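Asks: coords please:
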Amino acid sequence: MSNYVITASERRGRAVSGLAIWTRVYLRRAAMFDFAIGVVCSTVAIQVRFDGHISPQYAVLSLVFPLMWVLTLWLSGAYDDRYVGTGSDEFRKVLNAGVSLTAALAIFSYAVNTELSREYLLLTMPTVTVADLIVRYGLRKRLHRQRALGRCMATVVAVGHEPAVAELVRELRRDTYHGLTVVGTCLTAESESLEVAGVPVFGGLDEVAEAVRRSGADTVAVLPSSEIDSGTLRQLAWELEKTGTDLCVAPALLDVAGPRTTVRPTAGLTLLHVDHPQLSGPRLAIKEVFDRVAAGIALVMLSPLFAALAVAIRLSDQGPALFTQMRVGKDGRTFKIYKFRTMVVDAEQRLAELKARNDCDGVLFKMRRDPRVTVIGAGLRKWSIDELPQLINVVRGEMSLVGPRPALPDEAARYVAHVRRRLVVKPGLTGMWQVNGRSNLSWEESVRLDLRYVENWSFALDLQILWKTLSVIFRGAGAY
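Replies: Numbers count the residues shown, from 1 in each chain. A predicted model of the protein is given here:
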């Protein structure tokens, strides 16, 4: 293991300072944009409301408002470096700041008996909040592009069993937008391995602090392991506290999101209460209505495109424009799915001879260069246009806009017990795996993402996946 010694504390000093520098630069840039947005929105609102003729109190307010906006964002936690780059917390903090400042101005106006123009508030606060969300989104996408180039990354020492560490390394390499890169590992079980997925092994549990020093890591990520108890974790936290190294602990329930968990102190213990996933009730009814209405509107708007594609497919080989197939939906019920035909007419009959050339490692059949795909079909698949007729299935209530992939009957028949959990919700036109690699994912990764969706479904998550789907489709990545 001595082969992996990395020269001294200088590396650590550079790594930590580099992480701190780009984080400070990002947050400073965000604050500058926030201030500028406050200036522009306040000025525009005054011009629109008062046509440029303002009283002294509004002149003062227009000067103070940008500072108030930045201060409110700071108090709401919008400049917390923990939320930089990933998750929805940063955007939620901005929304909270908008609501809080609106309420504060209204209360202040009432308390001092000052008539603050409602039109000014209605023009300023929604505009400044929406504009800030757009700018923050732009800053995040720019950061993701930097991280794709290996910049603005935090370095991590992963602690856990070898398979779990290897899975973490692969996931972080694939999804660079998380901003984490594993530079070393300490294994909690006996192992002769010098590397895990190309990452050097620095030892066991007792060598974590030394591994941080030698690798120059910013963060230690502790994965679920039976060898790590509360005492061991507490001692590790004390050691890392001396160096200012961040400590992240992955709970045993890896795919349970924050909204479903609540920390409850009970009898001297800290217990993590896990709520059951919301698979029924009013929230699901809202999803159902939204799905059908949105799908119906989309079908009407896309009808000219559907007609043009149907004609083109028919003229290409005289075959039918639509392809229908039986799929397994919610609770194992079968239904007929609709797609634009992208393969030759006898594709199903030729499947048996191609089974041995499967590029997928699970129950799915996928080929990167499937000889049955037509010229028109290749284009439709690249941009996922062939899936659009499934809007009919959404309107009929057989599918949702977002959900797990609709399975073939023979695939569902081979599901092991935990995989059948995918069938407790309706399959979707798009889903978690479609926005996280599409056909490039392994079977295990696809299942894990589908199960994560089932366990953590929310209407906000659906909207987020729909938004990400547009970006994935425009790039045409991972489709074949």
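
Asks: Count the neighbours of A166 for me.
Replies: Using other C-beta atoms under 10 Å, A166 has 20 neighbouring residues. Using the backbone N, CA and C atoms, a C-beta is placed for each residue, glycine as well.

Asks: Tell me the helices and strands packed up against the helix or strand encompassing it.
Replies: Using DSSP states H and E, A166 maps to helix 162-174. Helices and strands touching helix 162-174, by 3 or more C-beta pairs under 8 Å, 6 or more residues apart in numbering; DSSP states H and E, are strand 154-160, strand 180-187, strand 195-196.

Asks: residues of stretch 189-201 that come out buried?
Replies: Across stretch 189-201, burial judged by 16 or more other C-beta atoms under 10 Å covers 196, 199-201.

Asks: Sorry, wrong one. I was asking about stretch 97-115.
Replies: Applying 16+ other C-beta under 10 Å to stretch 97-115 flags 97-98, 101-102, 105 as buried.

Asks: now those residues as TSV including distance to H273?
Replies: Listed next are the buried residues of stretch 97-115 as TSV, based on distance: C-beta to C-beta, whole Å:
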residue	distance to H273
A97	29
G98	31
L101	33
T102	33
L105	37
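
Asks: For V39, state which of the residues you listed is nearest.
Replies: L101 (15.0 Å; C-beta to C-beta).

Asks: What score does that closest one have for pLDDT?
Replies: The confidence metric pLDDT takes the value 92 at L101.

Asks: Same question for A15.
Replies: If you check A15, the pLDDT there is 43.

Asks: same deal with P265?
Replies: For P265, pLDDT reads 69.

Asks: quick one on the thing from earlier: now for the buried residues of stretch 97-115: which two are most distant?
Replies: Using C-beta to C-beta, the two most remote members of the buried residues of stretch 97-115 are A97 and L105, lying 12.4 Å apart.

Asks: now the angle from the helix or strand encompassing V212 to strand 180-187?
Replies: Assessed by DSSP H and E, V212 sits inside helix 208-215. Counting by axes from the mean of the first three to the mean of the last three C-alpha atoms, to 10 degrees, helix 208-215 lies at 130 degrees to strand 180-187.

Asks: Which elements pack onto helix 208-215?
Replies: helix 8-50, strand 154-160, strand 180-187, strand 199-203, helix 230-243.

Asks: tell me how far it is from the chain's mean position?
Replies: 30 Å (C-alpha atoms, centre = their mean, to the nearest Å).

Asks: and this structure, what are its domains?
Replies: 8-148, 153-250, 282-475 (automatic domain parsing).

Asks: could I get the ones you listed as TSV with distance to D275?
Replies: Formatted as TSV, the domains of the chain follow (distance: least, C-beta to C-beta, whole Å):
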stretch	distance to D275
domain 8-148	19
domain 153-250	19
domain 282-475	11
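
Asks: which of those domains is buried the deepest?
Replies: Ranked by mean neighbour count, those are led by domain 153-250 with a mean of 18 (mean count of other C-beta atoms under 10 Å).

Asks: End to end on that one, go ahead and measure it.
Replies: Terminal residues of domain 153-250 lie 19 Å apart, using C-alpha to C-alpha, to the nearest Å.

Asks: name the element A460 belongs to?
Replies: Short version, using DSSP H and E: A460 is in helix 459-475.

Asks: and stretch 325-344, C-alpha only, in CSV?
Replies: This file holds the C-alpha atoms of stretch 325-344, laid out as CSV (Å, rounded to 0.1, in the frame of the first residue of the first chain):
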residue,chain,number,x,y,z
GLN,A,325,-47.2,-4.8,-27.8
MET,A,326,-48.5,-6.2,-24.5
ARG,A,327,-46.9,-4.7,-21.4
VAL,A,328,-47.3,-5.2,-17.7
GLY,A,329,-48.6,-2.3,-15.7
LYS,A,330,-49.7,-1.5,-12.1
ASP,A,331,-50.4,-4.5,-9.9
GLY,A,332,-49.4,-6.8,-12.8
ARG,A,333,-52.3,-5.9,-15.1
THR,A,334,-51.4,-6.1,-18.8
PHE,A,335,-52.3,-3.5,-21.4
LYS,A,336,-51.5,-2.8,-25.0
ILE,A,337,-48.8,-0.1,-25.5
TYR,A,338,-48.5,2.1,-28.6
LYS,A,339,-45.3,3.2,-30.2
PHE,A,340,-44.2,4.4,-33.7
ARG,A,341,-42.8,1.4,-35.5
THR,A,342,-39.0,1.7,-35.6
MET,A,343,-38.1,-1.8,-36.8
VAL,A,344,-38.8,-4.0,-39.8
